[in-house]
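Participant: Sequence plus predicted model, see below.
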Amino acid sequence: MDIEIRRFDKDLPLPEYKTAGAAAMDLCVREDGVVPPHGITVFPLNIAIKPPVGHFALMAARSSLRKRGLMLANGIGVLDEDYAGDEDEYQAALYNFTDEPVEIKRGERVVQIILLPFDRVNWKEVDTLGTPSRGAFGTTGL
């Protein structure tokens, strides 16, 4: 699938799959920054993309991010199909859950994206779903 992409700093690499079996592509930060203890810093990710119709980009933390005491502040990012303007640079809000500042350098890979198809739904409200209830949250056990 061909995807239109705009890089803000052409000295940084395009996102790429790091292995033949990788589902997601790593993104790197465009600017240095520091995430303060128990604080959030937003980092520009150097790209704007135009997903194909019916697709969106899902942003997730790289698995190594937690080793640095960081996580995505919003858990995951949903980058809609229509967030695709020339200045719509993807960004990552990183939360530092440690007691020390964490420095991030330009070019570091911090998050990954995967392009996925989506469907739109129309709600059909009913008074009953016609299936038995399973119980409360977590009823399948540990």
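Facilitator: Received the coordinates, thanks. It should be emphasised that the depicted structure is a prediction, and the values quoted were computed from it without experimental measurement.
Participant: And for residue 69, nearest residue in space, chain neighbours not counted?
Facilitator: residue 98 (3.5 Å; Cβ to Cβ, 6 or more residues apart in numbering). Any C-beta I mention is one placed from the backbone N, CA and C, and that applies to glycine too.
Participant: how many neighbours does that neighbour have?
Facilitator: When neighbours are counted by other Cβ atoms under 10 Å, residue 98 registers 12.
Participant: helix/strand/coil for it?
Facilitator: Recorded secondary structure, residue 98: coil (DSSP: H, G, I helix; E, B strand; the rest coil).
Participant: tell me, what residue is most central in the protein?
Facilitator: In the chain, the centroid-proximal residue (Cα atoms, centre = their mean) is residue 59; its distance is 1.5 Å.
Participant: so is that residue in a helix, a strand, or just coil?
Facilitator: Here residue 59 takes the strand state, with states given by three-state DSSP.
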